[in-house]
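Asks: When you get a sec, could you give me coordinates for this:
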Amino acid sequence: MFIWRFRSTNDILFTKKVNILLANRLSVLLAERQLSIKQVVEDTGLSRNAVSNIVNKPNANIATETIDILCRYLQVTPNDFFLYWPYATRIKLQGDEIWLGFESASGMRTFAPTIYLMPEKETWGLLSEQTPFDVHAVYVLANEEDEVDSTEQLKKLFASAPIAFQKEIEKKYIGCIQTFLEKNKDEVNKIVSSSNESGQQTVSLFLLLPWGSTSKKLDTSNFKII
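Replies: Residues are numbered from 1 along each chain as shown. From the prediction side, this is the model:
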């Protein structure tokens, strides 16, 4: 089982910023008005690719002219069109740690959960009643009693983010986990093969993250999380 222990540090250095201070609300604005992408394209003259990209990627870069066209068309202001969160988020995998930093005008708050292997029998006590134990699954946990304060701080930061930002952070977080599993595929295969008598290509993947839990599937043929 993969158990994700949690610790925090304030002196982690990041080389790449995930700039998600702004996220557009076009998908929500269209849903509120019962407008389709096709209708927007026909009414505004914008390309379908441009409109689809904005709808599907809330943090996509948008030309000023395009923002103006969409705001006029929807009769909203830029304040209505965009969501703002005062943190630039930095995420990277470093060895067996996932470095996560929230940078604001007041400074950087950083965390560094560690991923490592743990015997199955020690996993039972870390699972909530809502998460049934599955011997065929791979577990990634973030529950360490010694770091309750840090975990709570991260929960509060995450909860303060608009839903669009939360989804983007979690997507990149899970991407780091996928990279880790790919780099350690031999060890993962040992865990999977020891309990996967039917030889199934995909296995359950339970992610108990600091801000909540989610379940995915792990394709063991290419180690992609689906």
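Asks: okay, CA-based contacts and neighbour counts for the rest of this
Replies: OK.
Asks: hey, where'd the helices end up in this structure?
Replies: Using DSSP state H, the helices of the chain run over 26-33, 37-44, 48-56, 64-74, 78-81, 148-160, 163-183, 185-195.
Asks: what comes into contact with the second one?
Replies: When you say that, I think you mean helix 37-44. With contact meaning C-alpha atoms under 8 Å, 6 or more residues apart in numbering, helix 37-44 is reached by 46-48, 51-52, 69-70, 73.
Asks: hmm, back to that, save the helices of the chain as a markdown table, and put in mean pLDDT too.
Replies: Formatted as a markdown table, the helices of the chain follow (pLDDT from 0 to 100):
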| stretch | mean pLDDT |
| --- | --- |
| helix 26-33 | 96 |
| helix 37-44 | 97 |
| helix 48-56 | 96 |
| helix 64-74 | 97 |
| helix 78-81 | 96 |
| helix 148-160 | 82 |
| helix 163-183 | 88 |
| helix 185-195 | 74 |
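Asks: re the thing from before, between the contacts of helix 37-44, which is closest to residue 217?
Replies: Nearest to residue 217 out of the contacts of helix 37-44 is residue 52 (C-alpha to C-alpha; 27.2 Å).
Asks: Tell me, how many residues neighbour that closest one?
Replies: By other C-alpha atoms under 10 Å, 15 other residues sit near residue 52.
Asks: residues in contact with it?
Replies: Shown in contact with residue 52 (C-alpha under 8 Å, 6+ apart): residue 37.
Asks: center of the protein, which residue is that?
Replies: In the chain, the residue lying closest to the centroid (C-alpha atoms, centre = their mean) is residue 170, at 1.2 Å.
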